[in-house]
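*Asks:* Sequence first, predicted coordinates after that:
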Amino acid sequence: MLRRHPWIIPASFLALPLLVYLAFVILPTLNSLVYSFTDWVGYGADFEFVGLANFEKIFTDRLFSNAIKNTAIWLALAMTAPTLLGLALALALQGKRTINTIYKSLFYLPICLSPIIIGIIWVWLYSPKLGIVNLFLRSIGLDHIATAWLANPNTALLAVFVAWAWQQTGLNMVIFLAGLTSVPTPLVEAAKVDGANYRQTLTKVIIPMLRPATVVVLALTAISALKSFEIIWVMTMGGPFNKSDTLAVFMYSESFRKFKMGYGSSAAVILFLMTLVIIVLYFRQTAAAEELYE
Amino acid sequence: MNVRKNFATALLYFALTIMLILFMVPVYGAIVTAFKSQAEVSAGGYWTPPTSLALENFQRVMDPEGGNLGLYLQNSLLLTIPASLFSIGLGTLAGYGLGKYRFKGDGLLFILIVAGMFLPPQIALIPVFRLMNDIGLYDTLWAVIIIHTAFGIPICTLVMRNFFQVAPNALREAALIDGANEYSIFFRIMLPLTLPALAVLATLQFTWIWNDFLWPFILTQRAESRTVMVGILNLTGQYTVDWGGQAAASLLGSLPTLFIFVFFQRYFIRGLTLGAVKG
């Protein structure tokens, strides 16, 4: 049905999109690599190639190692909490009951909001005196826990993460729900008939069948965690004392606030390489999963 | 047995309801604060329902002398609509080329395009900033339109290629036998079939481009080319203690995507999972 066609026809469909994609996605990506070997400052055409100097410098930069540490914490939190919560919600809310449909809608409502707006709203929630988080803690007598969540170096990163997870959980739930529709009902019924209780059905049948969805959730979460910049920028700008400064924030600050574009490019390249690892793992996993299920 | 099961179900829904209430606190907070007068807010009633519906916050942020949000909303529309259309159009072309034809290297080309979906924007930030300066588009909506068009190509190509791959060939082959050329088949026969896929992409692209902050933040400067998300963030800098104004601006800035959420949810969710599960 699908013969080999003379290349000219598909090429005529592909030419324009490929041109735009090459010019504004691929070329800039490669250019970043070039800039990472220069000392460009962001204006004018003058820059010199400095070899590996940016990379040598970055690995001794304490702000960079701090950003890597925060990114690692952020990534570890991101891969666990919203994933488990999204899975739990999907398992609890699968099925077509009206109440499930309504609950599902409300749980994924945050997906359609901008991280900017989510950040602004959560800043009020965390407000030290008037925020509902502290008002609630005080009302149940936990005054000693109440703190300036975003200004306290010990809580800032975690507080921003909770706001981020508020959106990510709904997205994960949606993907797990899609995964659940591909779990064949007869299989679950058969397990029940064989006398398996819910926990056994869950761990022995449903969770293994959700493997492809889980791979997708973990990969997408990791990638969006690595590049998340906006919500951190709105809520803390990486502070206090760079305690919520992740690699994406570091890259922005160095490039566009300190105008060290060459140096910032090397941070971008490192961020890109980290993402690339996840993309490669992801494509290998999905290829493996497809073979498994075909 | 049945009693125990009912009890478990009741307990589950009780837990879910508590969670949902906690989950909705931020949304509730934004809504009540937006409709509360400044006097009432400063009296300390941040989290109580408003005693009367006040629209003063909305007036203040929409006022050209004040928040000027009207202009930013308009800019966001002028950016989001063309960028969505262009990315979907280009993605449809590429998706057709990859979905309906076999040629050497088609699989590799597909992977190279789809991989772009996962690129962190940071990797292109500095070169695009420079490029837009060089071609004189810096600080115009066009710079942001072009970049969202280009970065939208991967997801649009993915969805359309998957769609065209399973679209029936019978019509196409009948038309070929009747002597129709490839392009009239694409425009007259295949394109009308793609409406559901186009609707999915329209909701996805609109939401994502509308909500984006990083690109307009990097590529624009003056108020004349400011988008709504950049505008709202500026507003919070101007009126740090004006929660009412911030809340009103946040609601206004979320209206278009909330509209999609309410009326086109089916398409939107399908898009999220299509891109995700088939990726």
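*Replies:* Received it, and whenever you're ready, just let me know what you need. Numbering: from 1, shown residues only, chains lettered A, B, ... in the order given.

*Asks:* separation between B:Ala8 and chain A?
*Replies:* Noted for B:Ala8: a distance of 9 Å to chain A, by C-beta to the nearest C-beta, to the nearest Å. Yep, even glycine has a C-beta here, placed from its N, CA and C like the rest.

*Asks:* mind checking how far the host helix or strand of B:Leu176 is from the chain centre?
*Replies:* Using DSSP states H and E, B:Leu176 falls within helix B:170-177. Relative to its parent chain, helix B:170-177 has a centroid offset of 36 Å by C-alpha atoms, centre = their mean, to the nearest Å.

*Asks:* quick one: low-confidence parts of the stretch 101-250 of chain A?
*Replies:* Applying pLDDT under 70 to the stretch 101-250 of chain A flags no residue at all.

*Asks:* What are the boundaries of the helices in it?
*Replies:* Applying DSSP state H, counting those that start in this stretch to the stretch 101-250 of chain A gives helices spanning A:115-125, A:132-139, A:156-180, A:185-193, A:198-201, A:207-209, A:211-227, A:230-235, A:247-252.

*Asks:* related to what we said a few turns ago, any idea of the mean pLDDT for the helix holding B:Leu176?
*Replies:* On average, the pLDDT along helix B:170-177 is 84.

*Asks:* Give me the contact list for the next helix or strand after it.
*Replies:* Counting by DSSP H and E, the next helix or strand C-terminal to helix B:170-177 is helix B:182-184. Helix B:182-184 is contacted by residues A:Ile9, A:Ser12, B:Ala175 when judged by C-beta atoms under 8 Å, 6 or more residues apart in numbering or on different chains.

*Asks:* Apply 6 Å and report the result again.
*Replies:* A:Ile9 (C-beta atoms under 6 Å, 6 or more residues apart in numbering or on different chains).

*Asks:* buried ones in the helix or strand hosting B:Pro154?
*Replies:* Using DSSP H and E, B:Pro154 sits within helix B:141-166. Residues of helix B:141-166 classed as buried by neighbour count (16 or more other C-beta atoms under 10 Å in any protein chain shown): B:141-164.

*Asks:* in which helix or strand would I find the residue nearest the centre of chain B?
*Replies:* Nearest to the mean C-alpha position of chain B, by C-alpha atoms, centre = their mean, lies B:Thr207 at 1.4 Å. In the assignment (DSSP H and E), B:Thr207 maps to helix B:195-211.

*Asks:* And that helix, how far out from the chain middle?
*Replies:* Using C-alpha atoms, centre = their mean, the offset of helix B:195-211 from its chain centre is 7 Å.

*Asks:* Briefly note if it comes near chain A.
*Replies:* Yes. Helix B:195-211 comes into contact with chain A (C-beta under 6 Å from any C-beta of the partner chain), by way of B:Thr207, B:Asn211.

*Asks:* What angle do helix A:115-125 and that helix make with each other?
*Replies:* Computed by axes from the mean of the first three to the mean of the last three C-alpha atoms, to 10 degrees, the angle separating helix B:195-211 from helix A:115-125 equals 50 degrees.

*Asks:* quick one, helix B:195-211 and helix B:141-166 angle?
*Replies:* Using the same axes, to 10 degrees, the inter-axis angle of helix B:195-211 relative to helix B:141-166 is 150 degrees.

*Asks:* Show me what helix B:195-211 is packed up against.
*Replies:* For helix B:195-211, the contact count by 3 or more C-beta pairs under 6 Å, 6 or more residues apart in numbering or on different chains; DSSP states H and E identifies helix B:69-99, helix B:141-166, helix B:243-263, helix B:265-277 as packing neighbours.

*Asks:* Residues contacting the third one, please?
*Replies:* Read it as helix B:243-263. For helix B:243-263, contacts defined as C-beta under 6 Å, 6+ apart pick out A:112-113, A:117, A:120, A:124, B:30, B:33-34, B:36, B:38, B:41, B:57-58, B:60-61, B:69, B:203, B:207, B:210, B:228, B:232, B:235-236, B:239, B:268.

*Asks:* Pull out the buried residues from it.
*Replies:* Here helix B:243-263 shows B:243-254, B:256-257, B:260-261 as buried, counting by 16+ other C-beta under 10 Å.

*Asks:* any idea how far it is from the chain center?
*Replies:* 13 Å.

*Asks:* Skipping adjacent residues, who's closest to B:Ile146 in space?
*Replies:* Nearest non-adjacent residue to B:Ile146, counting by C-beta to C-beta, 6 or more residues apart in numbering or on different chains: A:Phe24, 6.1 Å away.

*Asks:* Equivalent analysis for B:Ser84, please.
*Replies:* Using C-beta to C-beta, 6+ apart, the closest residue to B:Ser84 is B:Gln205 (4.1 Å).

*Asks:* returning to what we had before: ok, the helix holding B:Leu176 near chain A or not?
*Replies:* No. Helix B:170-177 lies apart from chain A when judged by C-beta under 6 Å from any C-beta; the minimum separation is 8.1 Å.

*Asks:* Show me which residues of that helix are buried.
*Replies:* B:Arg172, B:Ala175.

*Asks:* If I take that helix and helix B:141-166, what angle do their directions form?
*Replies:* For helix B:170-177 against helix B:141-166, the angle by the same axes, to 10 degrees is 90 degrees.

*Asks:* I appreciate the help and will end here.
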